[in-house]
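Participant: Dropping the sequence and predicted coords here.
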Amino acid sequence: MSPDAPLLNDYKQDFFLKRFPQTVLGGARLNLGYCAPPYIYVNQIILFLMPWVLGGIGTLVYQLGVLKDYYAAALSGGLMLLTAFIIQLTSLYARNKAVTVERMRATGIIAEEDEYEFTSCAGAETVRFLIPGKKYIANTVLHSVLAGLVCGLGTWYLLPDRITSLYGSTGGTVLLFVFGWLTLCIGEYSLIVNTATETATFQTQDTYEITPLTRPLYILFFVSVDLAHRFMENISALGQINQILHILFVFLPFLWALGTLPPPDAFLLWAMEQVLEFGIGGSSMSSRLWLLAMFIISVGTAVISYFIPSSLGVVLFMTGLGFLLSLNLSGIGLFFIHSVNRRRVETKSQALASSSERQFTWKECLFYFVMLALALSETSLLHHFAGFSQISKSNSQTMVGYILMILLMILWILREIQGVYIFGIFRNPFYPKDVQAATAFLEKHTRLTRIGVVRRILLTLVSPFAMMAFLSLDSSLQGLHSISVSIGFTRAFRMVWQNTESALLETAIVSGVHLLSPNADLWWNTSLNTGIRLLLVGIMRDRLTQFISKLQFAVTVLVTSWTEKKQRRKTTTALCILNVVFSPFVLVLIVFSTLLSSPLLPLFTLPVFLVGFPRPLQSWPGAVGNTACVCADTVYYHQLAPRLTAALQTAMAAGRLGILIPGSHYLGRFQDRLIWIMILECGYTYCCINIKGLELQETSCHTAEAQRVDEVFEDAFEKGCRKVCSLNAHFANVLTPCTVLPVKLYSDARNILSGIIDSHENLKDFQGDLVKVLVWILVRYCSKRPSMQGSVRKPEQGTGPLRLLPAWNASPRPRCPEDTESSHSETSDWSNDDIFDDEPSVAKGKMEKDQLNDWPGGNLPIPGSVESQRVSDHSTGTVPEDSLFRAVTFAYPATDKGKQEEVACTPLAEFSCAHSHLLSLPEEWRSHYVPNSRMKEMRSLFPEDWYQFVVRQLGCFRSEEKASDILEEIAKDRVLKDLYVQTVMTCYCSLFEIDTVAPSPGHLLRVYSGVLPWSVALNWLTEKPELYQLVLKAFRYTLKLMIDKASLGPIQDFKELINYLEEYESDWYIGLVSEEKWKEAILQEKPYLFSMGYDPHMPDVEGDTETAGGCSADGGSLEDGTPDTAAMVLERQKTYRKYGTRKACTVVSAHS
């Protein structure tokens, strides 16, 4: 952004001036941006102040002593209920009365959406503009009742006597009364008149009309605290909270406008996540439904543990449920469901297979069962037989505490040596120095993997049992347990398995603090049990990590706003000075954002910070992957996802990605592909991640950002390896390189084909190669038909298959002089610079006459006529003439019927070899669609030696004793060869209208793309989809062969040509990027892909070769995935194209 560019352009300024007041006032549109009648504004003001008028009636009768306070509140609420129903019914009546009138379209789309025409003060258009109404009748009733409730309780809440009793000040009472009623009017207007566009938006579409409930629910929360204080006046703390909330009540409109208060759905999900993670020891879940289910089950576990009378039973219950709830229950459930379905219906098992089934086996079930049995045995034995006394430096629990601290140090060391940097600062000397040297890299990588296995064993098998021993020896579990014991130890026994590394850190801190505390009678040691201590340490650990990250984020924004020239503006100096002067206030904002675990948002990317609303870690609505966009590159991410998942599984198990915490973000980079990875859910030996593909290089700004990411990775994995001990030059960057992941994916190489595709010699050779490739493909296809897969049955003597062949040696009709001329070779005009023009200039008039004169029978039938030849005696060895000889051809002049000659055809013939029928072409592929004279000319192009060589190389008779002799007989069968000559040359004729003219580059490109030129055999070919696909594949193979011959040299013999074609068939897919088979080839991981296209902006043909191989993708973490970093990067992510993935939500099993 240029320093002189305004933050908001003219259009955005007008939009902001219209939208922001509407958001502040709850939906009242007092600035429309165009001329509107005055009654529009008057009606909105009346509707806005209606709750205050009705509430004023109740306040007045209470102040005059006519009614008591609760009766006055009921009166105001009843009047508001009646008014709300009247307003909603009026809106419904106006909608039903509306008549659709077709109007002229406005010039701009924005003007068409925003401008309205009004006819009268109470017209239907006016009512629909002021009161849009509700989509559902149920919401009409619910919102009206809620409006009456809010007005009644709000009247009770803002009674002047009540406010005076809280503060004892008349001036304060007046201010709170006036601005409090403004807050109430804003909430009521948003509920029953017109819903405001909220700044704090969680759902992309308000399907169930939840947004109108946001402001009234906050009002009811404030009122509920006042009601609690009315009935519990003896609680002084509640009175102080009520006083604070009365003052905060008048600032609610600004908090709503700034987006600080969350919508109800986001707040509910956030609250469940916080309670589940910090109160019960669980993890954030990968789906909303599973989060709700896990929250209910986990809370029920804590409640049930409180009512268990036996201390041993409590320990066993907490241990067993803590272990089971930390497993991948959704994957286990799907595994058992698929197993049952496979037993019932075997054919459906493949359709029901999923990633969870592939990653979860019966061995893991057995492993989990053994671990559960060992955990229950350990806790029961230690709890029953060990002595329970206060923690001291001599008892067994203290010894276990020392063991835990040693384990923590060992695991930390083993984890740090797995990554490229230690502490994110110093380069790891044990990490492979040169990632480009594949052999050396894989050797050192294997060593690190072995160290990672040791770390995984310590983390998965040793640490959980050590922590359970520490908890089982605690004295708090021996006596009668309280609510705090149930909550604290339920979380502790769950955290041991759910997040072992974090639990180990917390347990070591609690043990170390107690050992280092000089006074054993401290409040920390006497008033709190071990479970509550672990809970408080867990909360402090998380919030301290967030505070450091948010502080670093704020400093980074502040510094870069001055150091980066593109971010430096005229107001930057003043903003930096204000941030320094008001640094305590900025720190308060950061602390407040940390306590709420909400994002810290810079306004317009300036160092002006706002606190975003609390939201769940999965900060987007709907299921994972629903918002993904589909484009041409999506299939590459489909292929990449399972490979990347396997690589991540190994990296996570070894500890190369650090501590796995839900909400952590990682970035993967390879060539022009960028992968966004987010951890959604963690548990014992599994991790659920979300994989997104991003594309950055769309604009110059995005290209610069991608280049910056590449610089960070290059300095870490390529340049940094030259020094033995180097520092991270990008230490303060939000992106910290972690490791290199070996992943099999496609690399792209584009080449300009100029000089190859437009070479006259190459184009001449192309025609001969095309015939050879056609022969190879058709023979190969016929040899692999189902008839070839079974046993070879010899036909009875004298009953060989009969075939009708054209009369190659029959006497042709007398040729006209033009026929002689058309047989001479023609050459293309290569003087034109545009190689992609239409077909080269030739004598088309002669060619058309050739086509008219060379039809079988000499002349064409009259369009619409039907000619038939009846064969009366089929038993004498004659068959009806092929129906294709009776085709009606349009767009040609009618010829004299009397001059038509009889169609020349050959007598019935049989194969000379008894096995030739196994290589025979299908009946529908045999055609006489090409004129006889044309066919005889093209017969010389058929390579008989190549045909015999291909037949002799077939492997379909390997089971026969004399396979070579059989193939030799088939190769010498002239009847079978004539069938192939006829079919191959007909297909050839359908591709080239003039066989003697070298094709132009434009012609090759069009046919390669599936656009065939018109020819006499085109309709015949397109009516046979299977043959059409074979011909198109042969053409593409030939074109690729021409490129390879020009690049690698000429082909020496037939054997080498066979090797080329077999390689194309097995290892290549040659086609177009837009084809479905291209996507299938990518998903099947074909080693090589080739496509060809023409860019009109660059007059060159590009050949795109994509190779699948073991490549390395760089991976880095984004500041441990804290909410403020996530908000910053995810907000920027909206400008990128997001590609869908094969599995939007992938379960990675980290079990080793």
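Facilitator: Yes, it's here.
Participant: C-alpha from now on. contacts and neighbour counts both.
Facilitator: Noted.
Participant: send the alpha carbons of the helix or strand hosting residue 319 over as CSV?
Facilitator: Taking DSSP states H and E as the definition, residue 319 sits inside helix 311-325. Extracted C-alpha coordinates of helix 311-325, given in CSV (Å, rounded to 0.1, in the frame of the first residue of the first chain):
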residue,chain,number,x,y,z
SER,A,311,-12.0,-43.9,47.1
LEU,A,312,-10.6,-46.9,45.2
GLY,A,313,-13.7,-46.9,43.0
VAL,A,314,-13.2,-43.2,42.3
VAL,A,315,-9.5,-43.8,41.3
LEU,A,316,-10.4,-46.7,39.0
PHE,A,317,-13.3,-44.8,37.5
MET,A,318,-11.2,-41.7,36.8
THR,A,319,-8.4,-43.7,35.4
GLY,A,320,-10.5,-45.9,33.1
LEU,A,321,-12.7,-43.0,31.8
GLY,A,322,-9.7,-40.7,31.4
PHE,A,323,-8.0,-43.2,29.2
LEU,A,324,-11.0,-44.1,27.1
LEU,A,325,-12.1,-40.5,26.5
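Participant: What residues sit buried inside it?
Facilitator: 311-312, 314-325 (16 or more other C-alpha atoms under 10 Å).
Participant: ditto for stretch 21-37
Facilitator: Buried positions in stretch 21-37, judged by neighbour count with 16+ other C-alpha under 10 Å: 21, 22, 23, 24, 25, 26, 27, 28, 29, 30, 31, 32.
Participant: Wait, the fourth one touches residue 253, no?
Facilitator: To tie it back to what came earlier, the one meant is residue 24. Yes - with contact defined as C-alpha atoms under 8 Å, residue 24 counts as touching residue 253 (5.8 Å).
Participant: Find the residues that touch each one of these two.
Facilitator: Common neighbours of residue 24 and residue 253, counting by C-alpha atoms under 8 Å, 6 or more residues apart in numbering, are residue 186.
Participant: can you give me the strands in the stretch 551-700 of the chain?
Facilitator: 600-602, 609-611, 665-670, 673-683, 686-695 (DSSP state E, counting those that start in this stretch).
Participant: which strands and helices sit next to the second one?
Facilitator: With contacts taken as 3 or more C-alpha pairs under 8 Å, 6 or more residues apart in numbering; DSSP states H and E, strand 609-611 sits against helix 583-596, strand 600-602.
Participant: neighbouring contacts of the longest one?
Facilitator: Which is helix 583-596. Under the contact criterion C-alpha under 8 Å, 6+ apart, helix 583-596 has outside partners 543, 546-547, 550-551, 579, 599-600, 609-612, 614.
Participant: Let's see which of the buried residues of stretch 21-37 end up in helices.
Facilitator: Of those, the ones assigned to helices by DSSP state H are 21, 22, 23, 24.
Participant: Distance to residue 57 and pLDDT for those - can I get that in JSON lines?
Facilitator: Formatted as JSON lines, those follow (distance: C-alpha to C-alpha, whole Å; pLDDT from 0 to 100):
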{"residue": "21", "distance to residue 57": "28", "pLDDT": "91"}
{"residue": "22", "distance to residue 57": "27", "pLDDT": "92"}
{"residue": "23", "distance to residue 57": "28", "pLDDT": "93"}
{"residue": "24", "distance to residue 57": "26", "pLDDT": "93"}
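Participant: between these, which is closest to residue 191?
Facilitator: residue 23 (13.0 Å; C-alpha to C-alpha).
Participant: so who does the nearest residue to the closest one once chain neighbours are set aside touch?
Facilitator: In this structure, residue 23 finds its nearest non-sequential neighbour in residue 196, 5.3 Å apart by C-alpha to C-alpha, 6 or more residues apart in numbering. Going by C-alpha under 8 Å, 6+ apart, residue 196 touches 22, 23, 25, 26, 27, 28, 190, 212.
Participant: And for residue 432?
Facilitator: 440, 441, 444, 445, 721.
Participant: immediately after whichever strand or helix holds residue 62, which helix or strand?
Facilitator: Assigned by DSSP H and E, residue 62 falls within helix 38-63. For helix 38-63, the succeeding helix or strand toward the C-terminus, using DSSP H and E, is helix 69-97.
Participant: now the angle between helix 38-63 and that following helix, please.
Facilitator: Counting by axes from the mean of the first three to the mean of the last three C-alpha atoms, to 10 degrees, helix 69-97 lies at 160 degrees to helix 38-63.
Participant: If we go by neighbour counts, what in helix 69-97 is buried?
Facilitator: Residues of helix 69-97 classed as buried under the neighbour-count rule (16+ other C-alpha under 10 Å) are 69, 71-81, 83-85, 87-88, 90-92, 94-95.
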